[in-house]
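>>> quick one, what's the 3D model for this:
(chains A and B)
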Amino acid sequence: MSSSIANETVGTANAKEGITLHGFLTNTWFLYAVSLCGFFFLWDRVAYLQIFGDSLARPHVVAQKLYTLSQVKFAGTNLAGHIWASTQRVLIGFGLASVIAVPLGLFMSLNQHVNALVKPIFDLFKPMPPIAWVSISILWFGIGEFSKIFIIAIGTFVPCLLNAYNGIRLIEPELYDVIRVLGGNRKDEIFQVSFPASFPAIFAGLQISLSVAWTCLLAAELMNARNGMGFLIKRGMDTHDPALVLGGMVLIAAMAWLSSLLISLLERKCCPWKRSIDNL
Amino acid sequence: MTTAGTACPPLKIHCEDISKTFIQKGHIGVPVVRDINLDVEENEFLVVLGPGQCGKSTLLRIIAGLETPDTGYVTLDGDPVTGPGPDRGLVFQGYMLFAWETVMGNVEMGLKLRGIPKKERQAIARHYIKLVGLEDFEKHYPHQLSGGMKQRVGIARAYANSPKVMLLDEPFGQLDAQTRMYMQHETARIWEHEKRTVIFVTNNIDEALFLADRIILMEGKLPGRIKKEYVIDFPRPRDHAHKSILELRAVITAETELVL
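As a prediction, this is how the structure comes out:
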């Protein structure tokens, strides 16, 4: 069969009709299932055969551990409490940073004086890995909530600002010509072109920031915390409980995935004009 | 070179001794256009023909008011042009549609910027969307349209602002040959339907012969100068392969090759 678009469509339609062995084996969902089953099987075998000694828990043990934690209190609160403690830190830190960084980034790219004032300081701090702030923030703010939020805010600030800033700087200058030729002024250029055109870049910045936020959270909680998912991982490590460590890892991945999904949904709502890319 | 109209229809655009030099890399001056004198009559379809890099787009941007000439001036209806304005509609080579607006949002933009109420401006926009044949695509976003359709939106957007002069900067340069030919027919149809003074920049001689009342041939190198001028009075609608058009095509081609 030749591979024109028309034939491909016909091919897809045929595949839905009858089930052939080849069709079944090459079915995408079947392959997804093979991939996942294979992974869990391998994990289970490696754990069962104690290739890493007793430091790798079998998948069902991890699931069991998480279920138990959701039922009983552990270090003062149950599983939901630990998840919420971490999520709260991320939400506050990330929220604070984005609320300041995005407008500042937009402002910097629209006004060269603001840019000249802020850019040098920003460039100075930009290459600093956010986790480098962990120790100094504990020295400054102690081991309470504030130092954790501070680290998250510092870490998320940079990508938020950078993307908002570049989002406007990369706009095709001729688009401003269109506004001017149509009779618009500088204000129209900003509101009709600069802001809407920078939306996708701002959202890309928020996505990056969010993944940085979870990283920073984990670093902060591993250093010192009395609750949260990072605390569970740390406690699992200290008490040699691999199921607890892996459980914490799974949870934090799930939360990071969920929050990134929420941003994607928000973006789809705000930018219905954006070409959507599958599987991204 | 001056062009005094024989029957003297009202003069729309007048360019007097326009020269422009761009400064590159700080200090090297590149003369782009030099000593351009040009008159365009009301409702005339003027085509500026020249190869790439001959200053024709810069000339158009000067008329649009997006560039200021170093010497000389442009007048529109006798008033000097000092900057861009809604009395001159510009259609861009790269379409330059607002990706975040629908077809309707793009076409009504000029009217929106001028504060015309939503209902009124959408009625006007709808008229021009229909004129360019996109009535079924009002709610589509630019990325859902083909190149030819995008430029129809560009044309409708410029038209909807009811400019006195339409400026088109190689509008079909990015289209394939088939679509380009089709868009030329569409341009002629739209222009017959709602006559405007048009300045159309192109590097395509067939396009020029098909559309123009008059062709301005530019020199093939910088700085851009007007080399020759041809009045095209073949009846419309025209046929690309008509004998007299092909004869004139040979004459203009010979003239072009001399400079290249």
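
>>> every contact and neighbour count from this point should use C-alpha atoms.
Fine.

>>> what number of residues lie near the residue in the stretch 101-250 of chain B positioned nearest to chain A?
With Cα to the nearest Cα, the shortest gap between the stretch 101-250 of chain B and chain A falls at residue B:110, namely 4.8 Å. By other Cα atoms under 10 Å in any protein chain shown, 28 other residues sit near residue B:110.

>>> so it belongs to a helix, correct?
Yes: assignment of residue B:110 by DSSP: H, G, I helix; E, B strand; the rest coil places it within a helix.

>>> ok, it - contacts?
Residue B:110 is in contact with A:179, A:182-184, B:86, B:157-158, B:160-161, counting by Cα atoms under 8 Å, 6 or more residues apart in numbering or on different chains.

>>> around chain A, pick out the residues from chain B.
B:64, B:66, B:84-86, B:88-90, B:96-102, B:109-110, B:113-114, B:141, B:143, B:158, B:161 (Cα under 8 Å from any Cα of the partner chain).

>>> any of those buried? List them.
B:64, B:66, B:84-86, B:88-90, B:96-102, B:109-110, B:113, B:141, B:158, B:161 (16 or more other Cα atoms under 10 Å in any protein chain shown).

>>> of those, which belong to helices?
Among these, the members falling in helices (DSSP state H) are B:64, B:109-110, B:113, B:158.

>>> and which of the residues you listed is nearest residue B:73?
residue B:64 (11.9 Å; Cα to Cα).

>>> doesn't residue B:83 make contact with that closest one?
Yes: with contacts counted by Cα atoms under 8 Å, residue B:64 reaches residue B:83, the gap being 7.3 Å.

>>> next one: phi and psi at the closest residue to residue B:83 other than its chain neighbours?
Leaving aside its chain neighbours, residue B:83 sits nearest to residue B:65 (4.1 Å; criterion: Cα to Cα, 6 or more residues apart in numbering or on different chains). With angles defined as degrees, to the nearest 10, residue B:65 sits at phi 90, psi 10.

>>> residues contacting residue B:65?
B:81-85.

>>> which ones among the buried ones among the residues of chain B next to chain A map onto strands?
B:88-90 (DSSP state E).

>>> and which of those residues is nearest to residue B:131?
Using Cα to Cα, these come closest to residue B:131 at residue B:89, 16.2 Å.

>>> which residues touch residue 219?
No chain in the question, so chain A it is. A:131, A:134, A:230.

>>> actually it's chain B I care about, not the one you picked
B:50, B:54, B:225-227, B:256, B:259.

>>> pLDDT weak spots in the chain?
Just going to use chain A. The model of chain A has pLDDT under 70 over residues A:1-18, A:276-280.

>>> my bad, chain B
Checking chain B against pLDDT under 70 turns up B:1-9, B:257-260.

>>> mind listing the strands for the stretch 151-280 of chain A?
Here the stretch 151-280 of chain A has no strands by DSSP state E, counting those that start in this stretch.

>>> chain B contacts on that one?
Going by Cα under 8 Å from any Cα, the residues of the stretch 151-280 of chain A near chain B are A:174-175, A:177-184, A:188, A:193, A:196-197, A:271-275.

>>> which other residues reach the host helix or strand of residue A:61?
Here residue A:61, judged by DSSP states H and E, is contained in helix A:59-71. Helix A:59-71 is contacted from outside by A:40, A:43-44, A:78-80, A:243-244, A:246-247, using Cα under 8 Å, 6+ apart.

>>> let's see it at 10 Å
A:40-41, A:43-45, A:47, A:56-58, A:74, A:77-82, A:241-248, A:250-251 (Cα atoms under 10 Å, 6 or more residues apart in numbering or on different chains).

>>> which of the residues in the next helix or strand after that helix are buried?
Next helix or strand after helix A:59-71 toward the C-terminus (DSSP H and E): helix A:79-110. If you call a residue buried by 16+ other Cα under 10 Å, then helix A:79-110 has these buried ones: A:79, A:81-83, A:85-87, A:89-91, A:93-98, A:101-102, A:104-110.

>>> now do helix A:79-110 against helix A:59-71, angle only.
90 degrees (axes from the mean of the first three to the mean of the last three Cα atoms, to 10 degrees).

>>> tell me which stretches of the stretch 151-260 of chain B form strands.
Counting by DSSP E, counting those that start in this stretch, the strands of the stretch 151-260 of chain B are B:165-169, B:197-202, B:214-218, B:226-231.

>>> so how far is the helix holding residue A:61 from its chain's centroid?
25 Å (Cα atoms, centre = their mean, to the nearest Å).

>>> cool, stretch B:136-145 as well?
24 Å.

>>> swap in stretch A:95-103?
That offset, for stretch A:95-103, works out to 16 Å (Cα atoms, centre = their mean).

>>> contact partners of that stretch?
Applying Cα under 10 Å, 6+ apart, the set of residues contacting stretch A:95-103 is A:89-92, A:104, A:107-108, A:149-150, A:152-165, A:202-203, A:205-206, A:209-210.

>>> just give me the residue closest to the centre of the chain.
Assuming you mean chain A. Among the residues of chain A, the one closest to the centroid is residue A:211, at 3.2 Å (Cα atoms, centre = their mean).

>>> hmm, I had chain B in mind actually
residue B:168 (2.1 Å).

>>> tell me where the stretch 151-280 of chain A has helices.
A:174-181, A:186-188, A:195-223, A:229-238, A:242-270 (DSSP state H, counting those that start in this stretch).

>>> tell me which of those lies nearest to residue B:148.
Per Cα to Cα, nearest to residue B:148 of these: helix A:174-181, 18.8 Å.

>>> for that closest one, name the packing helices and strands.
helix A:186-188, helix B:56-64, strand B:88-91, helix B:109-113, helix B:147-160 (3 or more Cα pairs under 10 Å, 6 or more residues apart in numbering or on different chains; DSSP states H and E).

>>> ok, then the element right after the second one?
When you say that, I think you mean helix B:56-64. Downstream of helix B:56-64 (by DSSP H and E), the next one is strand B:71-76.

>>> can you check what angle separates that following strand from strand B:165-169?
130 degrees.

>>> and residue B:104, how many neighbours?
Residues near residue B:104, counting by other Cα under 10 Å: 24.

>>> repeat for residue A:78
16.

>>> isn't it right up against residue A:229?
No: with contact defined as Cα atoms under 10 Å, residue A:78 and residue A:229 do not form a contacting pair (11.2 Å).

>>> cool, thanks, talk later.
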